[in-house]
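Q: attaching a predicted model along with its sequence, questions to come.
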Amino acid sequence: MSRIGRQPIVLPAGVTVTVGEGNLVTVKGPLGTLSEVIRPAISVKVEGNTVLVERSTEEKLDKSLHGLSRTLINNMVVGVTTGYSKKLEIIGVGYRAQKQGKTLVLNLGFSHVVNFEEKDGITFEVPDQTTVIVKGISKQTVGQIAAQIREKRPPEPYLGKGVKYAGEVIRRKAGKTGK
């Protein structure tokens, strides 16, 4: 039995979970609504203020998706109550970020600026020129947008210049040594 999958999900006040046609799980909360289709072999039951996730068979695929399904539902519950955020740091001379309306404008040493639009419930905060915070209710979307921003100029190992996650450790290499 999956240790993660067995645990019940306790719903905070103001959050409702409904299971619809085709095992479509919809979570509504104060910050918005999220939905996910769960594999038919996994059953989702809502009992009072708890959600139970159970599997019907002991097949390897169903066993592996048991804990995953429970975690996806739990991430939706957390997302609609508190939301998710990823903090990115920009390191380099002349590298900076600014927000113009609903557009994140990044100067990353290219001959052009890189723009990201707010969409799909994702918002950007720029507390200073070298910090970008990506916020939203979907953990997957927040992580994907943060990865796309980092992908534009990943940190390089010699000087550490680029866009990195807050708390990320960059393995540094020594440069050339003289004779």
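A: Great, that's in hand.

Q: longest strand of this structure?
A: If you go by DSSP state E, the chain has its longest strand at strand 84-91.

Q: what are the pairing partners of that strand, and which direction each?
A: strand 131-136 (antiparallel), strand 162-165 (antiparallel) (DSSP bridges).

Q: what about stretch 105-121, how long is it end to end?
A: 18 Å (C-alpha to C-alpha, to the nearest Å).

Q: list the buried residues in that stretch.
A: Across stretch 105-121, burial judged by 16 or more other C-beta atoms under 10 Å covers Val105, Leu106, Asn107, Leu108, Phe116, Glu118, Gly121. The C-beta positions use only the backbone N, C-alpha and C, and glycine is treated the same way.

Q: with stretch 152-171 instead?
A: Buried, per 16+ other C-beta under 10 Å, within stretch 152-171: Arg153, Pro155, Lys161, Gly162, Val163, Lys164, Ile170.

Q: save those as CSV, and put in distance to Ile145 too.
A: Shown next, in CSV, are the buried residues of stretch 152-171 (distance: C-beta to C-beta, whole Å):
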residue, distance to Ile145
Arg153, 15
Pro155, 18
Lys161, 22
Gly162, 17
Val163, 12
Lys164, 15
Ile170, 21
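
Q: flag the shaky bits of this structure, pLDDT-wise.
A: Within the chain, the segments meeting pLDDT under 70 span 1-2, 179.

Q: longest helix in it, please.
A: helix 60-81 (DSSP state H).

Q: quick one: distance of it to the chain centre.
A: Counting by C-alpha atoms, centre = their mean, to the nearest Å, helix 60-81 is centred 14 Å from the centre of its parent chain.

Q: mind giving me the packing neighbours of it?
A: Here helix 60-81 touches helix 3-6, strand 9-10, strand 24-29, strand 32-37, strand 42-47, strand 50-55, helix 139-152, going by 3 or more C-beta pairs under 8 Å, 6 or more residues apart in numbering; DSSP states H and E.

Q: follow-up on the earlier one: farthest pair within the buried residues of stretch 105-121?
A: Distance extremes for the buried residues of stretch 105-121: the farthest pair is Asn107 and Gly121 at 26.2 Å, using C-beta to C-beta.

Q: before we move on, back to that, any chance of the strands paired with strand 84-91 in CSV, plus distance to Glu54?
A: Below are the strands paired with strand 84-91 laid out as CSV (distance: least, C-beta to C-beta, whole Å):
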stretch, distance to Glu54
strand 131-136, 30
strand 162-165, 36
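
Q: now for the ones you listed, which one comes closest to Lys86?
A: Of all the strands paired with strand 84-91, strand 131-136 comes closest under C-beta to C-beta, at 4.8 Å.
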